[in-house]
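> Requesting a structural model of the entry that follows:
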Amino acid sequence: MREALSRLAGIRVLVVGDLMVDRYQWGTAERISPEAPVPVVKVKREETRLGGAANVAHNLAAVGCPVSVVGLVGADPAAEELKGLLTELGADLSGLVTDPGRPTTVKLRVMAHDQQLLRCDWEDTSPPDEKITQGLRDALVAGLARCDGVIVSDYGKGLLTPALLGELIAAGRREGKPVLVDPKGRDYGRYRGATCLTPNEFEAATVIGRDLQDDGAILAAAQELRAELQTDHFCITRGPSGLLALADSGEHRLLPAQAREVYDVTGAGDTFISLFGALYIAGTPFFEAVETANMAAGIVVGKVGTATVTVPELLGHTGGRRKIYGADEAAALAESLRAEGRSIVFTNGCFDLLHAGHIQYLQASRDQGDLLIVGINSDDSVRRLKGPTRPLIGEEDRAHLLAALSAVDHVVIFEEDTPETLLRAIKPHVLTKGADYTVEGVVGHDFITQWGGRVALIPLKENRSTSGIIDKIVADHQT
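Numbers count the residues shown, from 1 in each chain. Sure thing, here's the model as predicted:
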């Protein structure tokens with residue numbers, strides 16, 4: 001996977017589709033309005049994110065893939081906001097076409113306690129006029145010449161007319177450049193000849209006109225649609241039931257869902273088509289690309305709102321939210337978590353011979369914020385600190401034991417004798433240590449306050465220590 005992801009920096013993907021601005025208003029709802037039977041949301045913060053095809057571009061940029069964008073925007077402040085966010089990603093915006101007669105699509109979600117209470121949309125879903133359509137054709141021709149493949153993100157907002165799609169897919173075939181489509185609507189005939197379609201189960205059932213109640217029905221639908229639409233491959237995403245992938249050879253695989261905790265499915269399809277499309281365009285075999293994209297979608301549904309997945313998250317993924325990272329990946333991990341607005345708690349130690357005292361300490365540490373990152377000393381570091389007979393348990397096993405605990409969200413192995421370098425990379429909001437320390441004796445106490453963090457001293461369980469356990473084992477053996 002590391003090798004496949006590293007190839008993404010060497011390609012360019014053209015994203016074509018409906019660009020959106022996703023706005024979020026986050027707050028609390030603690031009373032009902034006296035004016036109507038609706039909750040009153042006390043808004044505490046607002047956030048703007050990229051949505052629709054723009055979220056596809058964001059997902060590509062998050063894994064280091066260069067991206068160009070073709071789409072419509074209005075002549076309004078939302079368009080400038082969208083352009084600014086895409087420019088920050090390094091996206092090529094030469095394919096953006098301005099239609100003064102329509103608004104930039106905006107979706108406003110009002111959130112309380114991480115739950116969506118209301119959504120308001122500003123949009124025009126009518127097809128563009130001939131002048132605007134010609135501008136889009138010109139942008140597609142120029143964009144296709146500069147890219148290695150195309151991802152089409154259709155949200156049914158009027159941009160992707162049958163004629164425009166037909167021209168794009170035919171051009172991709174002529175030039176040997178894959179065109180992968182996340183479809184919308186009931187008429188899939190307009191996607192005929194695409195390299196691969198990735199509808200969800202509900203969309204596929206709607207198009208084919210019957211319920212898809214089991215694995216056999218899902219496979220039959222994929223086979224029927226692939227033959228009718230003359231695509232090379234076909235995928236049907238199935239939410240908590242995983243996905244079906246059907247290759248051009250006729251081979252198929254049913255993959256289980258990768259998510260253990262689902263907070264928000266918004267944008268999961270964007271993440272899947274982004275990772276699958278980029279990897280496939282970069283030369284990754286079909287099923288390998290699908291498996292990685294399925295993993296990415298499993299990670300992103302554990303986040304609130306439209307979100308992305310990073311390379312460190314993918315490389316550290318273990319089939320759920322538990323993740324193990326190297327120290328070189330810690331900064332990217334922390335940046336991603338802070339972008340989600342999460343309060344990061346950090347602690348560190350050798351954690352050799354995990355015992356009840358460790359468990360209590362980690363649980364109390366986790367209570368200090370939204371998530372807990374545990375830094376563990378490498379084997380070489382432990383030997384320098386504890387002597388040549390330690391550790392009793394190797395670093396990989398220690399990391400996996402910690403990652404299996406519900407109180408631990410992430411584990412990072414570091415080589416130095418102290419976690420100072422790791423702390424500077426992560427910049428946690430809270431640094432915890434046992435109450436047998438003083439605040440002044442905790443490594444990092446002096447600079448954690450520089451970024452507004454704090455040190456919390458955690459009471460320890462009496463008569464519980466690795467050294468005590470070792471001494472007891474030795475004494476019992478000697479007797």
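
> what secondary structure does the most centrally placed residue in the chain sit in?
Nearest residue to the geometric centre of the chain (C-alpha atoms, centre = their mean): Val309, 2.7 Å. Following DSSP: H, G, I helix; E, B strand; the rest coil, we place Val309 in the coil state.

> Now do it against Tyr155, distance only.
Distance, Val309 to Tyr155, by C-beta to C-beta, to the nearest Å: 20 Å. Backbone N, C-alpha and C define where each C-beta goes, glycine included.

> Can you classify Leu165 by secondary structure?
Per three-state DSSP, Leu165 ends up helix.

> That one - how many residues pack around it?
Neighbour count of Leu165, defined by other C-beta atoms under 10 Å: 23.

> what's the pLDDT at the nearest residue to it once chain neighbours are set aside?
Setting aside the residues directly before and after it, Leu165 is nearest to Arg190 in space (C-beta to C-beta, 6 or more residues apart in numbering), at 4.9 Å. The per-residue pLDDT reported for Arg190 equals 96.

> can I assume Arg190 is in contact with Glu167?
No - applying C-beta atoms under 8 Å, one finds Arg190 not in contact with Glu167, separated by 11.0 Å.

> From the contact counts, what lies against the helix or strand encompassing His358?
In the assignment (DSSP states H and E), His358 maps to helix 356-366. With contacts taken as 3 or more C-beta pairs under 8 Å, 6 or more residues apart in numbering; DSSP states H and E, helix 356-366 sits against strand 344-349, strand 371-377, strand 430-434, strand 454-458.

> what sits up against the second one?
Contacts made with strand 371-377 from outside it, assessed by C-beta atoms under 8 Å, 6 or more residues apart in numbering, are listed as 330, 333-334, 337, 342-351, 362, 365-366, 385, 395, 398-399, 402, 407-414, 417, 419, 422, 426, 428.

> quick one, that strand and strand 344-349 angle?
Counting by axes from the mean of the first three to the mean of the last three C-alpha atoms, to 10 degrees, strand 371-377 lies at 20 degrees to strand 344-349.

> ok now the following helix or strand past strand 371-377, how far from the chain's centre?
Sequence-wise, the next helix or strand downstream of strand 371-377 (DSSP H and E) is helix 379-386. From the chain centre to the centre of helix 379-386 is a distance of 35 Å (C-alpha atoms, centre = their mean, to the nearest Å).

> quick one: the helix or strand following helix 379-386 to strand 344-349, angle?
With elements assigned by DSSP H and E, the helix or strand that comes after helix 379-386 is helix 395-403. Counting by the same axes, to 10 degrees, helix 395-403 lies at 140 degrees to strand 344-349.

> quick one on the thing from earlier: tell me who's in contact with the residue nearest to the centre of the chain.
For Val309, the contacting residues are 59, 62-63, 271, 275, 296, 299-300, by C-beta under 8 Å, 6+ apart.

> still on that earlier bit, any chance of the helices and strands packed on helix 356-366 in TSV, with distance to Ala205, mean neighbour count and mean pLDDT too?
Output for these, formatted as TSV (distance: least, C-beta to C-beta, whole Å; neighbours: other C-beta atoms under 10 Å; pLDDT from 0 to 100):
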stretch	distance to Ala205	mean neighbour count	mean pLDDT
strand 344-349	42	24	96
strand 371-377	37	25	95
strand 430-434	47	22	95
strand 454-458	51	17	95
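
> Redo those as a markdown table? Include distance to Thr206.
Converted to a markdown table, these look like this (distance: least, C-beta to C-beta, whole Å):
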| stretch | distance to Thr206 |
| --- | --- |
| strand 344-349 | 42 |
| strand 371-377 | 38 |
| strand 430-434 | 48 |
| strand 454-458 | 52 |
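
> count of neighbours near the residue nearest to Val73 when sequence neighbours are not counted?
In space, and not counting its chain neighbours, Val73 is closest to Ala79: 3.8 Å by C-beta to C-beta, 6+ apart. The number of residues packed around Ala79, counting by other C-beta under 10 Å, is 21.

> do Ala75 as well
For Ala75, the neighbour count with other C-beta under 10 Å is 13.

> more crowded one of Arg190 and Glu167?
Arg190 (19 against 15).

> To which secondary structure element type does that one belong?
Using three-state DSSP, the secondary structure recorded for Arg190 is helix.

> Lys83 now?
Classification of Lys83 using three-state DSSP returns helix.

> ok, now how distant is the closest residue to it other than its chain neighbours from Leu279?
Take Lys83 and drop its neighbours on the chain: the residue closest to it by C-beta to C-beta, 6+ apart is Leu93, 6.1 Å away. For Leu93, the distance to Leu279 (C-beta to C-beta) stands at 24 Å.

> More neighbours: these two, which one.
Leu279 (27 against 16).

> which ones are touching that one?
Leu279 makes contact with 4-5, 8, 288-289, 292-293, according to C-beta under 8 Å, 6+ apart.

> Most neighbours of all those, which one?
Ala293 (30 neighbours).

> Neighbours of the closest residue to Thr310 other than its chain neighbours, how many?
Nearest residue to Thr310 in three dimensions, chain neighbours excluded: Ser336, at 5.2 Å (C-beta to C-beta, 6+ apart). Using other C-beta under 10 Å, the number of residues around Ser336 comes to 18.
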